[in-house]
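A.B. asks: Task: produce atomic coordinates for the following.
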Amino acid sequence: MIVANDVSKKDSGFEVDTNVAKIIRRDGKIEDTGLIKKEDLANLILDRVKEIWNERRNAKFD
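C.D. replies: The predicted structure follows:
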């Protein structure tokens, strides 16, 4: 998984409390977050990591 933050916008990136990011998964799925608080983005990233972890864990038991 790759998280790409668009730092070219005035309301995202450095010295502000918000980001605009894309979450890119290994399967090619791209999720656009839109303008989101950094704390909310961190929680979203953790949620996606948990999903990936659970998918892999469940695949081992199938």
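
A.B. asks: So the nearest residue to F14 once chain neighbours are set aside, which state does it fall into?
C.D. replies: Spatial nearest neighbour of F14, excluding adjacent residues (Cβ to Cβ, 6 or more residues apart in numbering): V7 at 6.4 Å. In short, each C-beta sits where N, CA and C put it, glycine included. Recorded secondary structure, V7: coil (DSSP: H, G, I helix; E, B strand; the rest coil).

A.B. asks: V7 and I52: what is the separation?
C.D. replies: Applying Cβ to Cβ, to the nearest Å, the value for V7 to I52 is 25 Å.

A.B. asks: And for G28?
C.D. replies: From G28 to I52 the distance is 14 Å (Cβ to Cβ).

A.B. asks: The two: who's more crowded?
C.D. replies: For G28 versus I52, the count of surrounding residues by other Cβ atoms under 10 Å is larger for I52: 14 against 6.

A.B. asks: Just to be sure, the more buried one is in a helix?
C.D. replies: Yes: counting by three-state DSSP, I52 is found in a helix.

A.B. asks: what sits against it?
C.D. replies: I52 makes contacts with 1, 25, as judged by Cβ atoms under 8 Å, 6 or more residues apart in numbering.

A.B. asks: Does N19 lie in a helix or a strand, and which?
C.D. replies: Assessed by DSSP states H and E, N19 sits inside strand 18-24.
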